[in-house]
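Colleague: Here is my input; please provide its structure:
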Amino acid sequence: MTDATAGPRARASTVRVLWGATHPGPTLVVTVLSLALGIAAGVEPGRLALLVVAVLAGQVSVGLSNDAIDVARDAAVGRTDKPLAGGALSPERALAVAVASLVLALLLSAPLGPGLLAAHAVALASAWTYNAGLKSSPFSIAPFLVSFGLFPSFATLSLAEPTLAPPWAALAGAALGAAVHLTNVVRDLDDDRRTGVRGLPHRLGARVSVLVAALGIVVGAVAVLLGPGGGATPAGVVFFAAVVAVAVVTVIVATVRPPGRAVFQLTMLAALLLAAQLVVA
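Modeller: Model prediction:
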């Protein structure tokens, strides 16, 4: 292999490792959701493109900072699914890219107005605070309530005439964030305890965390169904029924067997249906 060939291949490998450490699934879901909400809010194409890329950069910064900060914990419990824990890239380099992505996210937000810049800055600061240590406190859910509660306003604050999203939309976003936190951590409770992480889900226990997450999603769905006023649309009713049905199944599964990956996947399905309901509303 020539040096000329090795260089591009090494760079491509580094990019793959970095992308794998961004938590690609949630990163893409949040980015696509920002696109859907922006379209639903009527954000014009140029501004919408800026918003979506800014959100993507912000999510990359959050995912990378999480894995860079947690690399020692992940290595201690044998998290082979985590690229940094396996030594594929140094945490210092990943953290440097995370900081650069954070700066890029804010720079891209600035042209959309001070409201969006402020909201995005608060949401990202909240997420980084979680990564930096709040995850080990009883208030570990707070960053998710703040960041996801602000998220519906990203679209409305990107309009030429910016405004905050209505309270019912913020409530639905916060409910979505709470569900993501409570059920995502359920899969890793034992590993987290071994490495000293003891957030709210660890204190509640797996089953209670799932029950609270499911209840929160239903509350969010009710807010979206009734919040806009003028009566529920047929599409809104369909999504509401789907959210409630999946939430009920999630509770049943968590009751009859120890909560695990299936419960997380069901909760994510309910959360995605809630997000779709929010877009329709």
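
Colleague: quick one: contacts for the residue nearest to residue 215 when sequence neighbours are not counted?
Modeller: Nearest non-adjacent residue to residue 215, counting by CB to CB, 6 or more residues apart in numbering: residue 247, 7.8 Å away. C-betas here are computed from N, CA, C, even on glycine. Contact criterion CB atoms under 8 Å, 6 or more residues apart in numbering gives 214-215, 217-218, 221, 270 as the residues in contact with residue 247.

Colleague: Now for residue 247, which secondary structure element holds it?
Modeller: Secondary-structure element containing residue 247, defined by DSSP states H and E: helix 234-256.

Colleague: Format the CA atom coordinates belonging to that helix as PDB.
Modeller: Listed in PDB are the C-alpha atoms of helix 234-256, where the atom choice follows Å, rounded to 0.1, in the frame of the first residue of the first chain:
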ATOM      1  CA  PRO A 234     -58.500  12.400  12.100                       C
ATOM      2  CA  ALA A 235     -54.700  12.000  11.700                       C
ATOM      3  CA  GLY A 236     -54.100  13.400  15.200                       C
ATOM      4  CA  VAL A 237     -56.600  10.900  16.600                       C
ATOM      5  CA  VAL A 238     -54.900   8.000  14.800                       C
ATOM      6  CA  PHE A 239     -51.400   9.000  16.100                       C
ATOM      7  CA  PHE A 240     -52.800   9.500  19.600                       C
ATOM      8  CA  ALA A 241     -54.300   6.000  19.600                       C
ATOM      9  CA  ALA A 242     -51.100   4.500  18.300                       C
ATOM     10  CA  VAL A 243     -49.000   6.200  21.000                       C
ATOM     11  CA  VAL A 244     -51.300   5.000  23.700                       C
ATOM     12  CA  ALA A 245     -51.400   1.500  22.400                       C
ATOM     13  CA  VAL A 246     -47.600   1.200  22.200                       C
ATOM     14  CA  ALA A 247     -47.300   2.700  25.700                       C
ATOM     15  CA  VAL A 248     -49.700   0.100  27.100                       C
ATOM     16  CA  VAL A 249     -47.800  -2.700  25.400                       C
ATOM     17  CA  THR A 250     -44.600  -1.400  26.800                       C
ATOM     18  CA  VAL A 251     -46.000  -1.400  30.300                       C
ATOM     19  CA  ILE A 252     -47.200  -5.000  29.900                       C
ATOM     20  CA  VAL A 253     -43.900  -6.200  28.600                       C
ATOM     21  CA  ALA A 254     -42.000  -4.500  31.500                       C
ATOM     22  CA  THR A 255     -44.400  -6.000  34.000                       C
ATOM     23  CA  VAL A 256     -44.100  -9.700  32.800                       C
END
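
Colleague: what's the average pLDDT for that helix?
Modeller: With pLDDT averaged residue by residue, helix 234-256 scores 89.

Colleague: Equivalent analysis for stretch 50-66, please.
Modeller: In this model, stretch 50-66 has a mean pLDDT of 97.

Colleague: So residue 199 sits against residue 138, correct?
Modeller: Yes - taking CB atoms under 8 Å as the definition, residue 199 is a contact partner of residue 138 at 7.3 Å.

Colleague: Show me which of these two is the more surrounded one.
Modeller: For residue 199 against residue 138, the residue with the higher neighbour count under other CB atoms under 10 Å is residue 199, and the figures read 22 against 13.

Colleague: domains in the chain, as residue ranges please.
Modeller: Here the domain assignment for the chain is 1-159, 166-281, based on automatic domain parsing.

Colleague: circling back to that earlier point, in strands, which of the contacts of residue 247 fall?
Modeller: For the contacts of residue 247, membership in strands holds for none, with DSSP state E as the criterion.

Colleague: can you list the residues you listed in a markdown table and add distance to residue 74?
Modeller: Listed next are the contacts of residue 247 as a markdown table, based on distance: CB to CB, whole Å:
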| residue | distance to residue 74 |
| --- | --- |
| 214 | 28 |
| 215 | 31 |
| 217 | 28 |
| 218 | 33 |
| 221 | 34 |
| 270 | 28 |
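
Colleague: ok, of those residues, which come out buried?
Modeller: A residue is treated as buried here by neighbour count (16 or more other CB atoms under 10 Å); on that basis the buried members of the contacts of residue 247 are 214, 217-218, 221, 270.

Colleague: Turn these into TSV, columns for distance to residue 13 and pLDDT.
Modeller: Output for these, formatted as TSV (distance: CB to CB, whole Å; pLDDT from 0 to 100):
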residue	distance to residue 13	pLDDT
214	41	88
217	39	89
218	44	91
221	43	93
270	37	83
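
Colleague: Out of those residues, the closest to residue 161 would be?
Modeller: In terms of CB to CB, no member of the buried ones among the contacts of residue 247 lies closer to residue 161 than residue 221, at 29.0 Å.
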